[in-house]
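# Predicted model follows, preceded by the sequence.
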Amino acid sequence: MQIIRWQEATLPEEQTLRRRMQQNGLSPYSWSNGPGELYAVHSHNYEKVLYCVRGSIRFVLPDQPESGRAIDLAPGDCMILPARTRHSAEVGLPGRYMPGSHPFCFIIACIQEHKVIKQYNHAPCGYSV
């Protein structure tokens with residue numbers, strides 16, 4: 001799993017992140033949830049590339065050591081989650097991670113084969129590897 005934190009001075013716009021993903025051959029789609037919504041532990045049979053656009057979200061990886069189990073994403077942060085990685089998620093509450101960050105919206109791109117990422121000159125989140 002890889003986490004890439006947003007380093008730019010201004011918060012990202014959804015179109016900027018969407019364009020960045022498309023330039024890397026990904027097909028992003030948007031989804032959103034309200035504050036405090038939970039996803040039970042589950043996994044996917046594909047690798048997922050996820051950007052947090054607004055708000056915040058916490059992923060919990062129950063099979064990881066305690067020190068790396070919880071991952072908080074804020075606007076612009078990117079997570080690359082390998083296929084079959086068990087995880088749960090909780091959408092942040094207003095003021096919990098990012099004050100005034102309501103409503104909540106995230107961009108996800110799902111990649112069906114891991115070898116696709118290996119062909120990029122840059123990481124899927126737009127940062128050089």
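That came in fine, so what should we check first?
# Find the helix or strand that residue 51 is a member of.
Taking DSSP states H and E as the criterion, the element that holds residue 51 is strand 47-54.
# Pull the distance from that strand to the chain's centre.
Distance of strand 47-54 from the chain centroid (Cα atoms, centre = their mean, to the nearest Å) equals 3 Å.
# Please enumerate the strands of this structure.
Taking DSSP state E to define them, one finds strands in the chain at 2-4, 29-31, 38-42, 47-54, 57-60, 70-73, 78-81, 87-91, 105-111.
# What strands flank the fifth one, and is each parallel or antiparallel?
It refers to strand 57-60. The partner list of strand 57-60 in its sheet, established with DSSP bridges, is strand 70-73 (antiparallel), strand 87-91 (antiparallel).
# The third one too?
Strand 38-42 has these partner strands in its sheet, going by DSSP bridges: strand 87-91 (antiparallel).
# Buried residues of the partner strand, list them for me.
Judged by neighbour count (16 or more other Cβ atoms under 10 Å), strand 87-91 contains these buried residues: 87, 89, 90, 91. Where C-beta positions appear, they are placed from N, C-alpha and C, glycine not excepted.
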